[in-house]
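**Student:** Below is the sequence, then the predicted model.
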Amino acid sequence: MFSFPTHQDRPRWARRIVLLVMLLAIPFLLASPKQMTASMVADSENGTKVLILNYHKIDDTFISLAVRPEDFDAQMKYLADNGYHTITPDELYDSLAGNAELPENPVMITFDDGYKDNYENAYPILKKYGFKGTIFVVSSFLGVYPNYMTWDQAREMDADNISIQSHTVDHKSMTDLSDDELRAELVDSKKKIEKELGHEIGYMAYPTGTYNLHIANLVKEAGYKAAFTIKYGNVDKASNIYALERVPVFHTEDTNKSFLERIRYTPIFERFGWIKS
């Protein structure tokens, strides 16, 4: 016979209800997901899944985009202790193209915008664990605004396992721009970064996450091999190469708990066909 939980059992019962609600709600709240087609589910189930983490600032600023350095360190330690292996955009691209195999538990650690704290705080922690990283920089901000990296700092990191890629020229919402403006944002940022670093770059991340299929075609036309969104999910064979998924990490009331939940729940969502669109 059914009976209500006792006073002793109620906390456990309540936690289960909360967990169930979170599992049902998170994909809708975070990604506005659409149901995957049968072929996409099949592709998603085959091959390696790649976790791509998306950070912005690594400092003590009390905003959602700023993960504290001690929390970032703890998250990197978790990845190291649990057998994750960091990869570069080129390694991801080669794998999706069928030209290379990835290590077990691959993860990309990405940062958007190119803040100075990426160099001062994130970079030493990544080196501490022997991790690779990728920073999508706003090309007109570097060396101009004091809270952004300098090009010397970008060059230093680029030579030491931190890939520097494009986040456009001015970080404008791309769906608000004309085609000529879009081409300028894409092409000029690529040329500027290549001039400063001395080698070709092939990847970009959409500012504010806004894009559409037309913009994705312009990204391809501008010479990029792939592009990254803030769509929530893991990357696999069902992914669009010009709309690759990432898992954003924010400062919350319990940042590290949120980090673990995002890593653990994403495969569950995809298993039920809730993520890719």
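**Tutor:** Perfect, I can see it now.

**Student:** What segments of the stretch 51-200 of the chain are strands?
**Tutor:** Using DSSP state E, counting those that start in this stretch, the strands assigned to the stretch 51-200 of the chain run over residues 51-55, 85-86, 106-113, 133-137, 162-166.

**Student:** Mind checking the ones you listed for the one nearest to Y265?
**Tutor:** Among these, the nearest to Y265 by Cβ to Cβ is strand 51-55 (11.9 Å). C-beta coordinates here come from the backbone N, C-alpha and C atoms, glycine included.

**Student:** Mind listing the strands that closest one pairs with, and their directions?
**Tutor:** Using DSSP bridges, the strands paired with strand 51-55 are strand 106-113 (parallel), strand 244-248 (parallel).

**Student:** contacts for the helix or strand harbouring H214?
**Tutor:** Using DSSP states H and E, H214 falls within helix 213-221. Residues outside helix 213-221 that contact it (Cβ atoms under 8 Å, 6 or more residues apart in numbering) are 174-175, 179, 182-183, 186, 204, 206, 211, 227, 240, 242-243.

**Student:** and those as CSV, adding distance to S258, neighbour count and pLDDT?
**Tutor:** CSV is the format used below for the contacts of helix 213-221 (distance: Cβ to Cβ, whole Å; neighbours: other Cβ atoms under 10 Å; pLDDT from 0 to 100):
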residue, distance to S258, neighbour count, pLDDT
M174, 28, 23, 96
T175, 28, 13, 96
D179, 39, 10, 98
L182, 34, 21, 98
R183, 38, 14, 98
L186, 33, 24, 98
M204, 27, 25, 98
Y206, 23, 25, 98
Y211, 25, 23, 94
A227, 26, 25, 98
N240, 26, 16, 95
Y242, 28, 21, 97
A243, 24, 20, 96
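
**Student:** With distance to T110 as extra columns, can I get those in TSV?
**Tutor:** Listed next are the contacts of helix 213-221 as TSV, based on distance: Cβ to Cβ, whole Å:
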residue	distance to T110
M174	18
T175	21
D179	27
L182	22
R183	24
L186	18
M204	11
Y206	12
Y211	16
A227	12
N240	17
Y242	16
A243	15
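
**Student:** Out of the residues you listed, which comes closest to R68?
**Tutor:** Using Cβ to Cβ, the contacts of helix 213-221 come closest to R68 at Y206, 26.2 Å.

**Student:** My read is that that closest one contacts F228, right?
**Tutor:** Yes. The pair Y206 / F228 is scored as a contact, 7.2 Å apart, by Cβ atoms under 8 Å.
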